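*Asks:* One predicted model, sequence on top.
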Amino acid sequence: MFETWAPRAGGRKSVRTEAPATRLALILVAVIFLALFLLAPLGVVFTQALQKGFGAFAKALADDDAVAAIKLTLLVAAIAVPVNLLFGLAASWSIAKFSFPGKSLLITLIDLPFSVSPVVSGLVYVLVFGAQGVFGDWLAAHDIEIIFAVPGIVLATIFVTFPFIARELIPLMQEQGTVEEEAALTLGASGFHTFVAVTLPNIKWGLLYGLLLCNARAMGEFGAVSVVSGHIRGLTNTIPLQVEILYNEYNSVAAFALAALLASLALVTLGLKTFLEWRHGDALKGRAGGRQ
């Protein structure tokens, strides 16, 4: 199954790799899997969206409820992503740069949304802020709406997306250590100037990568948002929720038109993600070469 290649000139170690037939079989399995479970569904989405022509596609996107869903999705992402940016920077800085009691617990809590179902997290917000929830009476007395309103959607989205930036930055900051920051502080730089001039340039590609993933999840979240939104047309429906409603009403063209829009945003995100991975990888190689 394995071929052993002789050492090359220059003292390089021998390399063990699968036989060409095995490599070809593995590649074919991967390509077939991607074609069946990724490319084919995407093709169906765009085909169904345009089956009645571009005019029907544009009309579906121009519908009042669709426009409201698009605006709400962008609004929620515009609030959730900056909040998670601040949290991610603070959490990753404290975990990577300092030692303190409860550090392991903080890391575990950051990973909590990865292990909890989004539906369960949305239900928790209903139990806390709903009419029969812990703070329900107080919120009603002060005429504050959270559940079945925009604030509840924002809170649920923040919960399911807050690990992305922190989890991208923590290993990056740990790998970099504190030597450069300590040198800047020793030379008289303030904490803010040290962050802007030293830390931020070192983490910029990882930070952008985390922001990209966070934004993609914020726009595409369904489970948690579905529980807290109330599915009020034109008010609390994001794009994924509006797609579900239109599809259940057998309005397939409009449903697939919005789905195609969301898929297009995902493809753009994928392209940017690939670019950032490339730049981030080059940056890491450059720093590694500089240390040698």
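*Replies:* Yep, that arrived.
*Asks:* what about Arg279, how many residues close to it?
*Replies:* For Arg279, the neighbour count with other CB atoms under 10 Å is 14. In short, each C-beta sits where N, CA and C put it, glycine included.
*Asks:* ok, now Ala131?
*Replies:* 12.
*Asks:* do the same with Trp93
*Replies:* Look at Trp93: counted by other CB under 10 Å, it has 18 neighbours.
*Asks:* wait, Leu72 sits on Asn237?
*Replies:* Yes - between Leu72 and Asn237 there is a contact under CB atoms under 8 Å: 7.0 Å.
*Asks:* between the two, which one's more packed in?
*Replies:* Comparing Leu72 with Asn237 by other CB under 10 Å, the one with more neighbours is Asn237, at 26 against 23.
*Asks:* out of everything not next to it in sequence, what's closest to that one?
*Replies:* Distance criterion CB to CB, 6 or more residues apart in numbering; nearest residue to Asn237, sequence neighbours excluded, is Ala69 at 4.9 Å.
*Asks:* which ones are touching the one you found?
*Replies:* Applying CB atoms under 8 Å, 6 or more residues apart in numbering, we find Ala69 in contact with 237-239, 241-242, 258.
*Asks:* average pLDDT for the lengthiest helix in the chain?
*Replies:* Counting residues, the longest helix found in the chain (DSSP state H) is helix 252-291. Rounded to a whole number, the mean pLDDT of helix 252-291 is 75.
*Asks:* Now do the same contact list for Glu181.
*Replies:* 97, 194, 198-199.
*Asks:* Got a PyMOL select line for the buried ones in those?
*Replies:* To isolate the buried ones among the contacts of Glu181 in PyMOL, judged by 16 or more other CB atoms under 10 Å, type:
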select buried, resi 194+198+199
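*Asks:* Out of the contacts of Glu181, which sit inside helices?
*Replies:* Those of the contacts of Glu181 lying in helices (DSSP H): 97, 194.
*Asks:* The nearest residue to Phe129 once chain neighbours are set aside: what secondary structure?
*Replies:* Excluding its sequence neighbours, the residue lying closest to Phe129 (CB to CB, 6+ apart) is Ile146, at 4.2 Å. In three-state terms, and counting by DSSP: H, G, I helix; E, B strand; the rest coil, Ile146 is coil.
*Asks:* Could I get the phi/psi values of Ile146?
*Replies:* Phi and psi for Ile146, reported as degrees, to the nearest 10, are phi -120, psi -60.
*Asks:* In the stretch 1-150 of the chain, what residue spans correspond to helices?
*Replies:* 20-34, 40-49, 54-62, 64-97, 103-110, 112-115, 118-129, 136-141, 150-161 (DSSP state H, counting those that start in this stretch).
*Asks:* what's the most buried one of those helices?
*Replies:* Mean neighbour count, computed with mean count of other CB atoms under 10 Å, is highest for helix 150-161 among the helices of the stretch 1-150 of the chain, reaching a mean of 23.
*Asks:* tell me which strands and helices it is in contact with?
*Replies:* Where contact means 3 or more CB pairs under 8 Å, 6 or more residues apart in numbering; DSSP states H and E, helix 150-161 is packed against helix 64-97, helix 112-115, helix 118-129, helix 200-220, helix 223-229.
*Asks:* and the angle from the first one to helix 252-291?
*Replies:* Right, helix 64-97. 20 degrees (axes from the mean of the first three to the mean of the last three CA atoms, to 10 degrees).
*Asks:* How far does helix 64-97 sit from its chain's centre?
*Replies:* Distance, stretch centre to chain centre, for helix 64-97: 10 Å (CA atoms, centre = their mean, to the nearest Å).
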